[in-house]
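Chemist: Dropping a prediction and its sequence here:
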Amino acid sequence: MIGLLLHSEFLKIRRKGFWLLTLIGPLGVVFLQMVNYGVRKDYLLQQSDDDWSHYLANVNMFTPLALVLGIVILTSLMASVENETNAWKQLMALPVSKMAIYLSKFTVIVTLLLVASILLLIFTLGFGMYLDLGDNVPYLEAVKFSFYPVMAALPVLALHLWIALISRHQGVPVTAGVVGVILNYMAYNLPDWLIWKWPALMNGWAEPLTIVSLGIGFGVLLYVAGMIDFARRDVT
């Protein structure tokens, strides 16, 4: 049954701009580095003895903001798909549980974010090779910079999806999203325990894998809490 729900969800988002946003996010992040290196490549190459590491760090500067902004937009659009067509009653009339519906929507957004991460990896490596930064391409580091932020951002996704799906007015998730984006933009000055800081992989623990582990663990907890709350509410 969950397979049919996922198929239905992907059909509903087919012409809603979800896939376009999935492409624009990673492309925009790398495009900023195209401009950056296009204007001052010689200066940037003088900043470090390891050109690849410096390049990946520059890419990662913009990844968290694009990621959180993408989560805010995708979760809001996911809820609006049902709200605009007043389809909640028809959806709830199906012989499926609310928990399965919630899982399908969460899974769709996670899938989109993973696709965006794959595209980010491809675009990042492709432009890095075009810049001719050296033969020792740090593939593992590029993978970490592409996928770690998504895993660290799972609590942000779980929270914003929860807010979007239980809110009767779009102003609530939009407001929460604006606050989330602002907090992520200020990540450097935030305490380590705030979930909006985690996608930036900046912390006092010195090991990004710690944030990834916390992101997955706390993301699961928030997902379960949101799913249970959604199942108890009358969202029709």
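Modeler: Alright, I've got the coordinates.

Chemist: on contacts alone, who are the packing partners of the helix or strand that contains residue 226?
Modeler: Residue 226 is part of helix 208-232, with elements assigned from DSSP states H and E. Based on contacts counted as 3 or more CB pairs under 8 Å, 6 or more residues apart in numbering; DSSP states H and E, the elements that helix 208-232 packs against are helix 98-130, helix 139-152, helix 154-166. All C-beta atoms are positioned from the backbone trio N, CA, C, and that covers glycine.

Chemist: Out of those helices, which is the most enclosed?
Modeler: Most buried of the helices and strands packed on helix 208-232 by mean neighbour count (mean count of other CB atoms under 10 Å) is helix 154-166; its value is a mean of 24.

Chemist: packing partners for that helix?
Modeler: Contacts defined by 3+ CB pairs under 8 Å, 6+ apart place helix 154-166 against helix 51-85, helix 98-130, helix 171-185, helix 208-232.

Chemist: Would you mind giving the secondary structure of the residue lying closest to residue 183 once chain neighbours are set aside?
Modeler: Spatial nearest neighbour of residue 183, excluding adjacent residues (CB to CB, 6 or more residues apart in numbering): residue 196 at 3.9 Å. With DSSP: H, G, I helix; E, B strand; the rest coil as the basis, residue 196 sits in coil.

Chemist: got the phi/psi numbers for residue 196?
Modeler: phi -70, psi -10 (degrees, to the nearest 10).

Chemist: again, but for residue 138
Modeler: Phi and psi for residue 138, reported as degrees, to the nearest 10, are phi -80, psi 80.

Chemist: That one: what's it in contact with?
Modeler: 52-53, 56 (CB atoms under 8 Å, 6 or more residues apart in numbering).

Chemist: Weed out the non-buried ones from those.
Modeler: For those, a burial check counting by 16 or more other CB atoms under 10 Å picks out 52, 56.

Chemist: can you give me phi and psi for residue 49?
Modeler: phi -80, psi -20.

Chemist: and the gap between it and residue 149?
Modeler: 26 Å (CB to CB, to the nearest Å).

Chemist: repeat for residue 8
Modeler: From residue 8 to residue 149 the distance is 29 Å (CB to CB).

Chemist: Let me know the secondary structure of residue 202.
Modeler: Here residue 202 is recorded as coil under three-state DSSP.

Chemist: Contacts only, for it.
Modeler: By CB under 8 Å, 6+ apart, residue 202 lies in contact with 187-188.

Chemist: so what's it scoring on pLDDT?
Modeler: We have a pLDDT of 76 for residue 202.

Chemist: cool, and residue 176?
Modeler: Residue 176 is given a pLDDT of 85.

Chemist: now swap in residue 47 and tell me
Modeler: pLDDT at residue 47 comes out at 80.

Chemist: Determine the three-state secondary structure at it.
Modeler: Following three-state DSSP, we place residue 47 in the coil state.

Chemist: Does it touch residue 55 like I think?
Modeler: No - the pair residue 47 and residue 55 does not pass the contact test of CB atoms under 8 Å, sitting 10.2 Å apart.

Chemist: Check this structure and tell me which residue is nearest its centre.
Modeler: Closest to where the C-alpha atoms of the chain average out (CA atoms, centre = their mean) is residue 67, at 4.0 Å.

Chemist: My read is that that residue contacts residue 148, right?
Modeler: No - judged on CB under 8 Å, residue 67 makes no contact with residue 148 at a distance of 10.6 Å.
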